[in-house]
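> Build the 3D model from these lines:
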Amino acid sequence: MGAFRDMLAEGLLGKMGLVRPTNQFDPFSSAAGSTSGGFDGGRYRRRLASWKPTQYSVNTIMAAQGPLLRSRCRDLMRNSAHAVAARENFVANLIGAGIKPSSLITDDPELRKQVMEVWMDWTEEADADGMTDFYGMQSIIASALFEAGEIFVRLRARRIEDGLTVPLQIELLESEMCPYWLNQIAPNGNYIMNGVEFDFRAKRVAYWFFPGHPGDAPVDPQVYLNMDPVRVPADQVLHIFRPTRPGQVRGVPLVSPAMTRLFFLDQYDDAELERKRIAALFAGFVTSPAPEDILPAPAMSDAEQPMEAGVGLAGLEPGTMQALLPGEDVKFSEPADVGGTYEAFQYRQQLAAFSAMGVPYMIGTGDTRRASYSSLRGVIVEYRRKLEQLQYNIIVHQYCRPIWRRWFNDAVLTAAIPVTTQEYVGNEKIMTRAKWIAPRFEWVDPLKDRQAEKLAVDAGFKSRSDVIEAEGYDPEETDRRIAADKERAEELGLEFPVLQAAASQPSDPNADPQEQADANQDLSGDGDDQQAA
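This is a model prediction of the structure:
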C-alpha cells in the first residue's frame, strides 16, 4: 500500500508539472532554445529574452494564482462598466429565457404530456434557496462562468413530507467553496488536486467544500466555527466549467484575457474624467494692496476676530472670486485637451477588450456607427455559433442532462409520473431521452429569415418541428395550441383573412399598390377556385 501511495504521489506531482523528464536531453533547458533551425518563437534571442512563460500545467497555475485571479475578476464585475455590459450581454444571449427540455417519448403521447407537466411544476421548486426557478439558475450559472470560470451544483435529496412535486432540489455553490490550495493525498489513498478528489483511474470521486462560504466570515465569525473542508461524493455534485486543456481540473474566468486591459482602461477613463472636472473649475483671483477692503466679513458671531494671515480658501467652486494678499499672484493651470485621438484610442482598446471576452464590440457597447447591415449580420452569425457551442457542450451537457436524468429517476421512485420501476429498469436511456431547446436568436431582418424558413419547409429541406424548436418552443405543445385556437375560432364564428402569397411573395415597395394587389389575388385565387382545386 505504501508503494502504491508513492506512485499516486509521483503521478500527482507529474500532473501538476513539478516533475521534469529524466531523459538526457532536457527540452526545457536553455540549450534547447539555442538549437539551430526550428521555430523562431522557441529560441532565446535578444528580442524574446524577456518572454519566459511557465512550464507548469493549468492546475498548478490555478493552485497558486486561482484565488487572486478570481477575486480580481469579481472586482471588475463590481466596478467596470465594460465588464458588466459584456457579462449581461453574454448571459442574455447564452441563456435567454432558459434552455428547456422536450421529452423524446414518442410511443406514448399521454405519458410524454404528463412528464412535461410534472417537470414544469418542479422547475418552480428546483432552487434550494427559493430565489428563482430552474431556468433562472441557468442565468446564474452563465454569470458565474463569465466572472469566476466555474460553479458547483449540488443535488439535494429531500423528504417526501417536504411536499415537493419531486423530492429533489438544486443548490448552487460558488467557486470559493472549493479550495484551490487543497492538494494532497486523501485519507483513503486517493489524491486531491485543487479541492477535487480522484481515484487511481483519474476519475472524479468527490469534492471538498467548506461548510460555509469563506467570504461570510467577516459578517458573522460565529456562524461556522469549523472551516475544515468536508468531503461530498461526486455523484451529488455537478462541476460546471469550460475545459480548454486535457486534464484541466478547475475553470478559468472567461473575462481573464481582458482583465488587465479593462483595469487600466477604467483608471485612464477615471483620470480623464477628473482632469476635465478640474479644468472646468474656472475661478477669478483679485489682488489688492488692502485685501481686507474686499474680503467679506464672515457671517458668524466671531466676525470681529482678525483673519489669520497666510490662510487660503480651501477648495474651488465655479464662479469663485478669491482675494490674494499683496504681492501674491496665481497662474491658471492649462491642462491639455483630450485631443482628437481619444475616441480612436478608446475604440481600439474597447475592441480588443470585448474581443478577449468573446463578445462583439458592436453588441457589447451598442456602438453600430462603423457597422453596415452585412458586417453586423456576419458578426452576429459568428457570435451565435460560439454561443451554441457553449449552450450544448457546457450548459446542456454538464448541467441540464444530469439533472434531467436524476429528476426522472426520483420521479419514477416517488410515483410522481405514471411509470413503474419494472417499466423503467432497463429502459432508463430510452425513457430519459430529451432534446434541449435553446431560445431563438432574433435576427436583424426577421422577415427574410421567416421567408427562408418557409421555403425550406415547403421544399422539404426542413420540418416544421425544427423551425418551432429553433424558436424555443415545443412542437407538440405548439400544435395543440394551434388546434385549440382553431377549434375556439370555429366555435365563436371567428374568421381571419389569410393571404396565401403574403409569406412567400412580399410586396415590392417600388411597385404600384393596385398592381401588387392584383398579382397577389392572381397567385392566391378566390375561395371557389381553391375549393375546386
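> Arg481: how many residues sit nearby?
When neighbours are counted by other Cβ atoms under 10 Å, Arg481 registers 12. Every residue, glycine included, has its C-beta placed from N, CA and C.
> try Phe39
7.
> try Arg47
8.
> show me the contacts for it.
By Cβ atoms under 8 Å, 6 or more residues apart in numbering, the contact list for Arg47 is empty.
> State whether Ser375 is indeed within a helix.
Yes: under DSSP: H, G, I helix; E, B strand; the rest coil, Ser375 falls within a helix.
> Doesn't Asn409 belong to a strand?
No: using three-state DSSP, the assignment for Asn409 is helix, not a strand.
> just the strands in the stretch 351-500 of the chain please.
Per DSSP state E, counting those that start in this stretch, the stretch 351-500 of the chain carries strands over the ranges 434-437.
> Give the residue spans of it that score low on pLDDT.
443-444, 498-500 (pLDDT under 70).
> at 50 what do you get?
499-500 (pLDDT under 50).
> The chain too?
1-13, 16-23, 307, 309-314, 499-507, 509, 520, 522-533.
> let's go with 70 and repeat that
1-37, 217-225, 282-324, 327-328, 330-338, 443-444, 498-533.
> Show me the strands in it, by range?
With strands called from DSSP state E, the chain shows them at 100-103, 150-157, 168-173, 184-185, 191-193, 196-198, 204-209, 230-233, 237-241, 284-287, 321-324, 434-437.
> Output the first one as CSV, restricted to C-alpha atoms.
C-alpha atoms of strand 100-103 as CSV (Å, rounded to 0.1, in the frame of the first residue of the first chain):
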residue,chain,number,x,y,z
LYS,A,100,-35.8,23.9,-22.0
PRO,A,101,-36.2,20.1,-22.5
SER,A,102,-38.6,18.3,-24.9
SER,A,103,-39.1,14.7,-24.0
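> Who does that strand pair with, and is each partner parallel or antiparallel?
strand 434-437 (antiparallel) (DSSP bridges).
> Give me the contact list for the strand it pairs with.
Against strand 434-437 from outside (Cβ under 8 Å, 6+ apart): 99-104, 392, 396, 400-401, 404, 469, 472-474.
> tell me which residues in it are buried?
The neighbour-count check on strand 434-437 (16 or more other Cβ atoms under 10 Å) flags Ala434, Trp436, Ile437 as buried.
> quick one: which of those is nearest Val237?
Nearest to Val237 among the buried residues of strand 434-437, counting by Cβ to Cβ, is Trp436 at 20.9 Å.
> The nearest residue to Leu494 once chain neighbours are set aside and Arg481, how far apart?
Once flanking residues are discounted, Leu494 sits nearest to Arg488: 7.9 Å by Cβ to Cβ, 6 or more residues apart in numbering. As defined by Cβ to Cβ, to the nearest Å, Arg488 lies at a distance of 10 Å from Arg481.
> ok, Ser57 - how many residues close by?
Look at Ser57: counted by other Cβ under 10 Å, it has 19 neighbours.
> Touching, it and Gly247? I think so.
Yes: look at Ser57 against Gly247 with Cβ atoms under 8 Å: they come within range, at 7.1 Å.
> one step back: spell out for me the ChimeraX command that would select the buried members of the contacts of strand 434-437.
This is how ChimeraX selects the buried members of the contacts of strand 434-437, with burial counted by 16+ other Cβ under 10 Å:
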select :99,100,101,102,103,396,400,401,404,469,472,473,474
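> Which two among the contacts of strand 434-437 are spaced furthest apart?
It's Arg401 and Tyr473 that sit farthest apart of the contacts of strand 434-437, by Cβ to Cβ, at 20.1 Å.
> about what we covered before: closest to Ala344 among the contacts of strand 434-437?
Of the contacts of strand 434-437, the one sitting nearest to Ala344 (Cβ to Cβ) turns out to be Tyr392, at 38.9 Å.
> Could you check how far that closest one is from Glu343?
Tyr392 sits at a distance of 39 Å from Glu343 (criterion: Cβ to Cβ).
> wait, isn't Ser133 in contact with Asp121?
Just so we're on the same page, residue 133 is Asp rather than Ser. No: the pair Asp133 / Asp121 is not scored as a contact, 10.7 Å apart, by Cβ under 8 Å.
> Looking at these two, which one has more neighbours?
Applying other Cβ under 10 Å to Asp133 and Asp121 shows that Asp133 carries more neighbours, namely 16 against 13.
> What distance do you get for the more buried one to Phe354?
Distance, Asp133 to Phe354, by Cβ to Cβ: 31 Å.
> ok, now Ala142?
17 Å.
> try Pro233
Distance from Pro233 to Phe354, counting by Cβ to Cβ: 40 Å.
> okay, the two: which has more neighbours?
Taking other Cβ under 10 Å, Pro233 and Phe354 do not tie; Phe354 has more neighbours (23 against 11).
> need the contact list for the more buried one.
When contacts are counted by Cβ under 8 Å, 6+ apart, Phe354 touches His82, Ala86, Ala258, Pro360, Tyr361, Gly364, Thr365.
> okay if I get those as a markdown table plus neighbour count and distance to Leu492?
Listed next are the contacts of Phe354 as a markdown table, based on neighbours: other Cβ atoms under 10 Å; distance: Cβ to Cβ, whole Å:
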| residue | neighbour count | distance to Leu492 |
| --- | --- | --- |
| His82 | 23 | 53 |
| Ala86 | 30 | 49 |
| Ala258 | 26 | 57 |
| Pro360 | 21 | 47 |
| Tyr361 | 20 | 51 |
| Gly364 | 24 | 48 |
| Thr365 | 19 | 49 |
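> Tell me how many other residues crowd Val115.
Count around Val115 with other Cβ under 10 Å applied: 23.
> my guess is it meets Ile417, correct?
Yes: counting by Cβ under 8 Å, Val115 touches Ile417, with 5.4 Å between them.
> shared neighbours of these two, which are they?
Shared contacts of Val115 and Ile417, defined by Cβ under 8 Å, 6+ apart, are found at Phe408, Ala411.
> Please write out the alpha-carbon positions of stretch 171-191 in CSV.
Written as CSV, here are the backbone C-alpha positions of stretch 171-191 (Å, rounded to 0.1, in the frame of the first residue of the first chain):
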residue,chain,number,x,y,z
GLU,A,171,-28.1,24.2,-4.5
LEU,A,172,-25.6,26.4,-6.3
LEU,A,173,-22.1,26.7,-4.6
GLU,A,174,-19.7,29.4,-5.7
SER,A,175,-16.1,28.7,-6.7
GLU,A,176,-14.8,29.9,-3.3
MET,A,177,-16.4,27.0,-1.6
CYS,A,178,-13.9,24.5,-3.0
PRO,A,179,-10.3,25.5,-2.0
TYR,A,180,-7.6,25.7,-4.7
TRP,A,181,-4.9,25.0,-2.1
LEU,A,182,-6.1,21.6,-1.2
ASN,A,183,-3.5,19.4,-3.0
GLN,A,184,-2.6,16.2,-1.0
ILE,A,185,-3.1,12.5,-0.6
ALA,A,186,-6.6,11.8,0.7
PRO,A,187,-7.0,9.5,3.8
ASN,A,188,-8.4,6.8,1.6
GLY,A,189,-5.4,6.7,-0.7
ASN,A,190,-6.8,8.9,-3.5
TYR,A,191,-5.2,12.1,-4.4
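> What residues of it count as buried?
Buried residues in stretch 171-191 (16+ other Cβ under 10 Å): 172-180, 182-183, 186, 190-191.
> what's the answer for stretch 472-490, then?
Applying a neighbour-count criterion of 16+ other Cβ under 10 Å, one finds Gly472, Tyr473, Asp474, Pro475, Glu476, Thr478 buried in stretch 472-490.
> And the contacts of that stretch?
Contacts for stretch 472-490 (Cβ under 8 Å, 6+ apart): 96-97, 100, 102, 109, 112, 116, 437-440, 464-465, 468-469, 494-496.
> Could you save the buried residues of stretch 171-191 as JSON lines and add columns showing distance to Phe264?
Putting these into JSON lines (distance: Cβ to Cβ, whole Å) gives the following:
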{"residue": "Leu172", "distance to Phe264": "32"}
{"residue": "Leu173", "distance to Phe264": "32"}
{"residue": "Glu174", "distance to Phe264": "27"}
{"residue": "Ser175", "distance to Phe264": "25"}
{"residue": "Glu176", "distance to Phe264": "26"}
{"residue": "Met177", "distance to Phe264": "31"}
{"residue": "Cys178", "distance to Phe264": "31"}
{"residue": "Pro179", "distance to Phe264": "30"}
{"residue": "Tyr180", "distance to Phe264": "26"}
{"residue": "Leu182", "distance to Phe264": "33"}
{"residue": "Asn183", "distance to Phe264": "33"}
{"residue": "Ala186", "distance to Phe264": "42"}
{"residue": "Asn190", "distance to Phe264": "43"}
{"residue": "Tyr191", "distance to Phe264": "40"}
